[in-house]
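A.B. asks: how would this look folded up:
(one chain, ligands or ions: 1)
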Amino acid sequence: MEYQCEKCHYRFESNHKVYACPYCGRIGTLKKVPTASELLESIELEEESKEK
Ligand SMILES: [Zn+2]
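C.D. replies: Here you go, the predicted structure:
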């Protein structure tokens with residue numbers, strides 16, 4: 001998945017959970033960046049729940 005640091009806006013990909021930003025070294029500033037397919041999935045789920 002992709003992460004972005006809220007402090008320095010450094011963006012990178014990692015296959016495991018990351019707690020500290022590899023660029024500025026801050027902890028707790030990383031946010032998951034949803035991938036295109038993840039966004040599509042959440043939209044599909046939303047539409048499904050509307051139908052029911
Ligand atoms: Zn950072």
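A.B. asks: Quickly note the distance from the residue lying closest to Tyr10 once chain neighbours are set aside to His16.
C.D. replies: Excluding its sequence neighbours, the residue lying closest to Tyr10 (C-beta to C-beta, 6 or more residues apart in numbering) is Tyr23, at 3.7 Å. All C-beta atoms are positioned from the backbone trio N, CA, C, and that covers glycine. Per C-beta to C-beta, to the nearest Å, Tyr23 is found 17 Å from His16.
A.B. asks: which one of the two has more residues nearby?
C.D. replies: Legend: neighbour count by other C-beta atoms under 10 Å for Tyr23 and His16, higher for Tyr23 (13 against 5).
A.B. asks: Now do the same contact list for the more buried one.
C.D. replies: 5, 8, 10, 12 (C-beta atoms under 8 Å, 6 or more residues apart in numbering).
A.B. asks: repeat for Pro22
C.D. replies: Counting by C-beta under 8 Å, 6+ apart, Pro22 makes contact with 10, 12.
A.B. asks: Model confidence for the closest residue to Ile27 other than its chain neighbours, exactly?
C.D. replies: Spatially, and ignoring its direct neighbours in sequence, Ile27 is nearest to Ala20 (4.7 Å; C-beta to C-beta, 6+ apart). pLDDT for Ala20: 96.
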